[in-house]
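S.K.: Turn this into a model:
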Amino acid sequence: MIIYHGSIRNFQNFNEETVVQNLSHDINTIGFWFTSDIRTAKPFAIGSETVIEKSKSEFWENGEPKVIQYERPISGFIYKVYIDEPNLKIYESNTEESFDLFMRERDVYCDYLGAKKKNVTWKDGAILLNKEEANTEFRRSLIKQGYEGLSIRQAMIHNMRTNLYCIFSEKSLLITNVVSLEA
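M.R.: Numbering: from 1, shown residues only. Below you'll find the model as predicted:
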């Protein structure tokens with residue numbers, strides 16, 4: 001199976017130190033996230049980095065340059081990845097959003113801070129208090145059931161439909177091509 005991963009970082013292998021994913025709803029630490037096509041991976045390869053440097057135009061009274069901080073835009077990389085047909089938990093529905101099915105199953109492990117009602121879920125926009133613990137327990141539950149990852153079919157991401165894949169272990173991921181978005 002061929003899948004795609006967008007990142008602002010350049011790396012040779014997938015591991016927890018090199019892959020930083022910025023996903024909504026606090027799901028980024030469940031595993032390594034991919035899309036089914038290059039087009040929907042691209043927005044993940046565009047971002048910014050914080051730069052701290054001495055100013056060339058602003059100085060203190062003693063003549064020393066001030067230290068300034070700003071965000072610099074970055075165009076990163078899209079990784080084309082091969083994975084040998086993993087055993088995936090499939091989230092798919094004809095009657096509701098597949099992403100909602102996935103999030104409801106994960107919500108069992110989540111503690112939210114929200115004052116509106118008793119059974120707060122991800123849809124309530126509440127603050128997730130135990131992101132790392134919830135994602136770890138959710139992943140462990142799926143691994144216990146024999147799954148190596150999950151697939152959310154026809155998910156809406158960046159106003160595009162794609163299949164999302166989350167793979168739990170970097171051991172089975174083989175990078176076959178890297179495309180730089182630098183102009």
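S.K.: Can you give me the buried ones in the longest helix anywhere in the chain?
M.R.: As assigned by DSSP state H, the longest helix anywhere in the chain is helix 131-144. Judged by neighbour count (16 or more other Cβ atoms under 10 Å), helix 131-144 contains these buried residues: 131, 134, 135, 138, 139, 142. All C-beta spots, glycine's among them, are computed from the backbone N, C-alpha and C.
S.K.: Same check on stretch 34-47?
M.R.: Neighbour counts using 16+ other Cβ under 10 Å place 34, 35, 36, 38, 40, 41, 42, 44, 45, 47 of stretch 34-47 among the buried residues.
S.K.: And the most far-flung residue of the chain relative to its centre, which helix or strand is it part of?
M.R.: Distance to the chain centre peaks in the chain at residue 62, reaching 45.5 Å (criterion: Cα atoms, centre = their mean). Per DSSP states H and E, residue 62 falls between elements, in no helix or strand.
S.K.: how about it, phi and psi?
M.R.: Dihedral pair for residue 62: phi -80, psi 0, per degrees, to the nearest 10.
S.K.: about what we covered before: which among the buried residues of helix 131-144 gets closest to residue 26?
M.R.: residue 131 (4.5 Å; Cβ to Cβ).
S.K.: wait, what's in contact with the residue lying closest to the closest one once chain neighbours are set aside?
M.R.: In this structure, residue 131 finds its nearest non-sequential neighbour in residue 26, 4.5 Å apart by Cβ to Cβ, 6 or more residues apart in numbering. For residue 26, the contact set (Cβ atoms under 8 Å, 6 or more residues apart in numbering) comprises 128, 131, 134, 135.
S.K.: go on, residue 54?
M.R.: By Cβ under 8 Å, 6+ apart, the residues touching residue 54 are 65, 66, 67, 68.
S.K.: Tell me the strands beside the helix or strand where it lies, with direction?
M.R.: Counting by DSSP H and E, the element that carries residue 54 is strand 46-59. Partner strands and pairing direction for strand 46-59 (DSSP bridges) are strand 65-75 (antiparallel).
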